[in-house]
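Engineer: What follows is a protein structure lacking sequence information:
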């Protein structure tokens, strides 16, 4: 069991207060991840900024979900997989895609499969892609910008997944119905 502090608005370090307030305003509550990250104000600020930037990238809701969940599942993050399942539902992403990602099954379209394969290869190989992997990505209609945006998504997920691993962040009540365990 982790001994990391799960902060509230009242207990968070003063430098984290604006980011905790921002999180509460955006979510109507303080997500557990943000409550843990509040201990390190720069981490919470950086996470929120990268999340905003990746959410506003050139990827649509399904593609964002593919990148996020591919990384979450590969990193075996028991907090982020349920959270992003709930977020995908809020974003009106096809539940068949969400379940395929959670269960390591084929994607719902060939193009999303290429995005999944590329994201998985980048995650596993620390950004080193073969010429064949890069060609498959571009041949599917994705761009150099989107290749680089996967790096942005990876940066976000490393921050959250690794925080959740070391802090053993409990799944937020709102996402408990999406609880997930690695196979």
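Structural biologist: Cool, the structure landed. If you're wondering where the values come from, they're calculated on a predicted model, not measured in any experiment.
Engineer: and the most centrally placed residue in the chain, what element?
Structural biologist: Residue closest to the average C-alpha location in the chain (C-alpha atoms, centre = their mean): residue 68, at 4.0 Å. Under the criterion of DSSP states H and E, residue 68 resides in helix 61-74.
Engineer: elements contacting the helix or strand following that helix?
Structural biologist: Using DSSP H and E, the helix or strand that follows helix 61-74 in sequence is helix 80-90. With contacts taken as 3 or more C-beta pairs under 8 Å, 6 or more residues apart in numbering; DSSP states H and E, helix 80-90 sits against helix 61-74, helix 95-102, helix 144-167. Any C-beta I mention is one placed from the backbone N, CA and C, and that applies to glycine too.
Engineer: rewinding a little: grab the nearest non-local neighbour of the residue nearest to the centre of the chain.
Structural biologist: Closest residue to residue 68 in three dimensions, ignoring its sequence neighbours and counting by C-beta to C-beta, 6 or more residues apart in numbering: residue 84, at 4.9 Å.
Engineer: for the chain, which spans come out with low pLDDT?
Structural biologist: 1 (pLDDT under 70).
Engineer: The residue nearest to residue 68: neighbour count?
Structural biologist: 29 (other C-beta atoms under 10 Å).
Engineer: looking at the helices and strands packed on helix 80-90, which is buried most?
Structural biologist: helix 61-74 (a mean of 24; mean count of other C-beta atoms under 10 Å).
Engineer: Contacts for it next, please.
Structural biologist: 54-55, 57, 59, 80-81, 84-85, 87-88, 91-94, 97-98, 101-102, 104, 107, 112, 115-116, 119-120, 123-124, 150, 153-154, 156-157, 161, 182 (C-beta atoms under 8 Å, 6 or more residues apart in numbering).
Engineer: how near is residue 58 to residue 153?
Structural biologist: From residue 58 across to residue 153, the span is 12 Å (C-beta to C-beta, to the nearest Å).
Engineer: Could you tell me the angle between the helix holding residue 68 and helix 80-90?
Structural biologist: 170 degrees (axes from the mean of the first three to the mean of the last three C-alpha atoms, to 10 degrees).
Engineer: Please give me every residue in contact with residue 106.
Structural biologist: So residue 106 contacts 100, 113 (C-beta under 8 Å, 6+ apart).
Engineer: which SS class is it?
Structural biologist: coil (DSSP: H, G, I helix; E, B strand; the rest coil).
Engineer: Please name the nearest non-neighbouring residue to residue 70.
Structural biologist: Closest to residue 70 by C-beta to C-beta, 6+ apart is residue 119, at 4.3 Å.
Engineer: Let me know the distance separating residue 36 from residue 75.
Structural biologist: Applying C-beta to C-beta, the value for residue 36 to residue 75 is 16 Å.
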